[in-house]
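> need the 3D shape of this:
(2 chains)
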Amino acid sequence: MTLGANTAAAREIKGGVDDPWLPHQADAPVPLENPGFAFFTPAEAAFVQSATERLIPEDDLGPGAKACGVALFIDHQLAGAYGRAGNWYMQGPWAKGEKTQGFQSRMTPADLYRAAIKAIDEHTMSAQGGKLFADLPVEAQDAMLSDLEGGKVDLGGADAKTFFQMLWQNTKEGMFSDPIYGGNKDMAGWKMLGFPGARYNYLDWVDRHGERYDQPPVGIRGRPAWNGAG
Amino acid sequence: MAQRLPGVDVLLVGFGWTGAIMAQELTAAGHDVLAIERGSWRETSTDFAPSFIQDELRYRYHGHLFEQTAQETLTFRNTPDQTALPMRRLGSFLPGTGVGGSILHWNGQAFRFLPYDFEIRRQTAARYGEAMIPPDMTLQDWGVTYDELEPHYTRWEELCGISGQTGNLKGQKQAGGNPFEGPRSKPYPTPPMKQTYGPMLFGEAAASLKLHPFPCPSGNMSQAYTNPLGVSMAPCTYCGFCEKFGCGNYSKASAQTTILPVLMQRKNFTLRTECEVTRINLDGSGAHATGVTYVDAHGNEFEQPAELVIVCAYILHNVHLLMASGIGTRYDPATGQGTLGKNYCYQLTPSVDVFFDDKLLNPFVGAGALGMIVDDWNGDNFDHAGLGFIHGGYIGGYMTTGRPIETELLPEGTPKWGAKWKQAFVKNYLTSMSLSLMGSVMPNKANYLDLDPTYRDVYGRPLMRMTYDFKQNELKLQDFAMGKMVDIANAMKPREIKKSPRGPHYDIAPYQSTHNTGGAIMGVNRRESVVNRYLQHWDVPNLFVVGASAFPHNSGYNPTGTVSALALWAATAIRDQYLKHPGPLVQS
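As a prediction, the model looks like this:
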């Protein structure tokens, strides 16, 4: 270090003199340890559980989003940096933009979920005999989700299409990402597809054309059997 | 007030792949080099450990190795009459940040451009007549030839241990390689990767149509390899976490796996991390760079004097830094005057999905550059008379990954969610693959980069503004190539196929490729280009601008090989010519 105190936020590494590696630099992911909801209110959690279960329902192929913990996964994402849009350019001015100009919502994901769920529940309360979305029959839930997808519902300040796209993307993430983040419980999403997870070496399978891969999936923290979870 | 620091001989702005190449070449020749990098140090064993790098959410979707738009982004519009809006989330392309840059998360698809590419205007006019080039297509020769770059392509391939099947050795065609490639002075350093089932089926289908399939040249190692610097790499394990991820297995060519272990031992090399260069400074004449201004992570500003400044950032930042520094004349699409920001190009990547009933493809057994290629419709490898477009692209049958959030191939008519979506996803996940075009993009006078009038970055500088859309050349190429992809797909005898074209308008949201090119292009004269054939700035001879920003058009290949060859070509000119006699290397 040759520049003194002013460079505390930066580093200077001299070739052949300094070691660029720092102790404790390994940047492992932070597992979800708290099994409770950190962001959603009970009503919001009920909405997300029922809506995501319609997007990926339980059937004879395997569990759906609810049993896989997708709502808990989304909750913890919204409670963290993703929910705050911490990495995104969020300076104005704001405009809706052309279809080809991508995400232009002034709302962070956390704001968008909060506002959209409230508006959807208010909408179903007035249009569906005083019922919240979570209490509707599944056909009515599907119709509502289709309307959101098509941008046919006025959610006040929240854009229905943007919300639907985010909910659907986050649902797939919760269903198929590593179980360390709270979704994909017992790797059920991976097992359903036949995806082996965080394995790192398939050299013995490169030549085995057309054969079914026979090893169970593993996650970053091993597999359920190793952790006593079955 | 910026604190003024002691001067240095050679200063590199950005320490990704081209910065590492430049630092290695110049320090080996005995010069003192300082590199300034906005990101942090990154190391294979700690940052990409195979105990956690296989994390699709964190790396693919939360962009752990990518640039954050909160820190740096641009505004985008399709046409000059629209209002550009910020790219608030990364989508279409994924620039990297940190030591090693974007090559940390590249696929490893390691191509050379065709000899045709470097003389595209001259050769097009000679074969078809000038009328083949539309008036709005600002097509230019590069000012360097394939033969001049060939030794540098070879050196790059040896640094990286590129795996491949040679198709043209000193003019002699070699069986199983690409018969259309320019002549190579040496074969690939390592043999091609083994192909899994999907690419093999693609290759067989292509051969049945009398095409010329060959294995993708790969920066994923087919075997253990030690490069000419003495740095060793390990065989690829086909883990399927390659593109968008760092390789924890030392199996993918990058700055970390090929150059840094040697460079970081040199006492004439210094690296300053977590510092962002905000401006290149000029003296009163405007024709001499005095150094740069940079800001550290606390916002402290420094002035770093230097005798020679080499800009080695990602292409968009190369161009933005020149604009923010007021160096050169910005391109005006209305008049065609000016050069900075001109000939911005991207890539055209339509695909055809192929669904089998009876073939288990195990897509998770993959690698970034694992696939078979046909080059029969790339460049000028076929007669374009009457087709209404020039150039082309290669068609690839890759098996790069089965990561389940991103890998969603569904037949035509499948609902987008719900029970039927789930059934279709489960049914097709193990038994489908995608064929894709790496399509060229020709420059157009209405596709360019300049500065946004409204939006600002974290330093208060105007964001760069991108104006870009697919033009007739691309749309006609797409129609043509789609027909060829459908033919190959059908020859694979699947249950069904699905066409996934791009456009008609470019959309900045879906991921397509990180192959942005142009904006600070090279050329034969100062009227048409920003830098000369050695990537030296025409107006400021002690300033070089290295990277895909120099490409006058984008070819039908992945750009990394050509970026690297140009960096080595420029480094050689700086070392052997410029530093011995500083001044313009080309008289204008």
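
> only C-alpha atoms from now on, for both contacts and neighbour counts.
Fine.

> roughly how far is the one helix or strand in chain A whose mean pLDDT sits lowest from the heart of the chain?
Taking mean pLDDT, DSSP states H and E as the measure, chain A has strand A:11-14 as its least confident helix or strand, at a mean of 94. How far strand A:11-14 lies from its chain's middle: 38 Å, per CA atoms, centre = their mean, to the nearest Å.

> same check on stretch B:29-44?
How far stretch B:29-44 lies from its chain's middle: 21 Å, per CA atoms, centre = their mean.

> how about that stretch and chain A, touching?
Yes: using CA under 8 Å from any CA of the partner chain, stretch B:29-44 comes into contact with chain A via B:Trp41, B:Glu43.

> give the next helix or strand downstream of the lowest-mean-pLDDT helix or strand in chain B.
None of the helices or strands of chain B scores lower by mean pLDDT, DSSP H and E than helix B:44-47, at a mean of 91. Per DSSP states H and E, the first helix or strand lying C-terminal to helix B:44-47 is helix B:56.

> surely A:Trp190 meets A:Asp178?
No: shown here, A:Trp190 and A:Asp178 do not form a contact pair, counting by CA atoms under 8 Å, at 9.1 Å.

> just for the stretch 151-300 of chain B, where's the confidence low?
For the stretch 151-300 of chain B, applying pLDDT under 70 flags no range at all.

> let me fix that: chain A
Using pLDDT under 70, chain A drops low at A:1-9, A:24-26, A:224-230.

> residue nearest the middle of it, spatially speaking?
A:Asn170 (3.5 Å; CA atoms, centre = their mean).

> next, count neighbours for B:Arg112.
Neighbour count of B:Arg112, defined by other CA atoms under 10 Å in any protein chain shown: 24.

> measure the closest residue to it other than its chain neighbours to B:Asp332 for me?
Nearest non-adjacent residue to B:Arg112, counting by CA to CA, 6 or more residues apart in numbering or on different chains: B:Gly561, 5.6 Å away. Distance, B:Gly561 to B:Asp332, by CA to CA, to the nearest Å: 31 Å.

> count the residues that sit near B:Thr44.
17.

> ok, B:Gly413 next?
By other CA under 10 Å, neighbour count at B:Gly413 equals 8.

> before we move on, what about A:Met192?
Counted with other CA under 10 Å, A:Met192 comes out at 17.

> so how far is chain B from it?
7 Å (CA to the nearest CA, to the nearest Å).

> I'd say that residue and B:Phe425 touch.
No: counting by CA under 8 Å, A:Met192 does not reach B:Phe425; the two are 9.7 Å apart.

> name the helices or strands packed onto the helix or strand containing B:Glu25?
Under the criterion of DSSP H and E, B:Glu25 resides in helix B:17-28. Judged by 3 or more CA pairs under 8 Å, 6 or more residues apart in numbering or on different chains; DSSP states H and E, helix B:17-28 is in contact with strand B:8-13, strand B:33-36, helix B:260-263, helix B:560-573.

> what lies in contact with the first one?
The reference is to strand B:8-13. B:19, B:23, B:31-37, B:277, B:291, B:304-313 (CA atoms under 8 Å, 6 or more residues apart in numbering or on different chains).

> out of A:Trp190 and A:Asp178, which sits in the busier spot?
A:Asp178 (28 against 24).

> with adjacent residues omitted, what lies nearest to the residue of the stretch 251-400 of chain B at minimum distance from chain A?
Taking CA to the nearest CA as the measure, the point where the stretch 251-400 of chain B comes nearest chain A is B:Gln265, at 3.8 Å. Nearest residue to B:Gln265, sequence neighbours excluded (CA to CA, 6+ apart): A:Gly16, at 3.8 Å.

> what about the one you found, neighbour count?
16.

> go ahead and confirm it touches B:Leu260.
No: applying CA under 8 Å, one finds A:Gly16 not in contact with B:Leu260, separated by 11.4 Å.

> can you give me how far the helix or strand where B:Asp479 lies is from the chain middle?
Using DSSP H and E, B:Asp479 sits within helix B:472-491. Distance of helix B:472-491 from the chain centroid (CA atoms, centre = their mean) equals 23 Å.

> which parts of the stretch 101-250 of chain B sit against chain A?
B:Lys194, B:Gln195, B:Thr196, B:Tyr197, B:Thr237, B:Tyr238, B:Cys239.

> helices - which of those land there?
Members of these lying in helices (criterion: DSSP state H): B:Tyr197.

> most neighbours out of the residues of the stretch 101-250 of chain B next to chain A, which is it?
Neighbour-wise, those (other CA under 10 Å) top out at B:Tyr238, 31 neighbours.

> so which residues of the stretch 301-450 of chain B form helices?
Here the stretch 301-450 of chain B has its helices, by DSSP state H, counting those that start in this stretch, at B:315-324, B:419-428.

> which of those sits most buried?
helix B:315-324 (a mean of 23; mean count of other CA atoms under 10 Å in any protein chain shown).
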